[in-house]
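In: return atomic coordinates for the entry below.
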Amino acid sequence: MNIKEVNPNEALHLAKSGTIFVDVREKLETDTAKYGVANIIYLPMSELEQTFSASLPADKNTQIVLACRGGGRSMRAAEFLQTKGYKNLLNLAGGILAWSTQGLPIQGTVESSSKDGCCATPTAVKEEPKKEEADSCCSKSKCC
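Out: Coordinates of the predicted model:
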């Protein structure tokens, strides 16, 4: 599978041009901080398989940027959607952590951890978690 990644500035430009943004973070995460873009669909990873067909455009050629906290879940979501026939998928590299580091529009406060205690103690985001922290939490809760 070949999903192209876009950086936060490219993703913002696409969103301003009308590209659909799909945030696959869970509700507790999106309640804390939201991407400040129009054309956003909230489709938690935990509900993706059951609700993608009702939530996403019927035209499987529609350009979609998938986003999450750090880029891992959104890549898995893009790979899943690709198996369902979606053809124009992009993954936001670094997720909302990278987005906020670039100073791009956010509603709320980005934390370095989700409310369920994933990865680290909540703090203001300055950089991505270390790989070993991300791997550790992802193997336990698939939150990254």
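
In: in this structure, which ranges drop under the pLDDT threshold?
Out: 1, 112-144 (pLDDT under 70).

In: what are the boundaries of the strands in it?
Out: Using DSSP state E, the strands of the chain run over 4-6, 20-23, 33-35, 40-42, 64-67, 89-92, 106-108.

In: winner for burial among these?
Out: Most buried of those by mean neighbour count (mean count of other C-beta atoms under 10 Å) is strand 64-67; its value is a mean of 28. The way it works is simple: take the backbone N, C-alpha and C, and place the C-beta from them, glycine included.

In: can you tell me which helices and strands that one packs against?
Out: helix 8-16, strand 20-23, helix 72-83, strand 89-92, helix 95-101 (3 or more C-beta pairs under 8 Å, 6 or more residues apart in numbering; DSSP states H and E).

In: swap in 7 Å and give it another go.
Out: If you count contacts as 3 or more C-beta pairs under 7 Å, 6 or more residues apart in numbering; DSSP states H and E, strand 64-67 packs onto helix 8-16, strand 20-23, helix 72-83, strand 89-92.

In: count the residues that sit near the residue lying closest to S100 once chain neighbours are set aside.
Out: Leaving aside its sequence neighbours, S100 sits nearest to V110 (C-beta to C-beta, 6 or more residues apart in numbering; 4.2 Å). Using other C-beta atoms under 10 Å, V110 is surrounded by 20 other residues.

In: thought V110 was touching G94?
Out: No - checked against C-beta atoms under 7 Å, the pair V110 and G94 is beyond contact range at 11.6 Å.

In: distance of L12 relative to P105?
Out: 8 Å (C-beta to C-beta, to the nearest Å).

In: the more surrounded of those two?
Out: Each of L12 and P105 has its neighbours counted (other C-beta under 10 Å); L12 has more, 21 against 12.

In: correct me, but the more buried one touches L104?
Out: Yes - counting by C-beta under 7 Å, L12 does reach L104; the two are 5.4 Å apart.

In: L66 is nearest to which of the helices and strands packed on strand 64-67?
Out: Closest to L66 of the helices and strands packed on strand 64-67, according to C-beta to C-beta: helix 72-83, at 3.9 Å.
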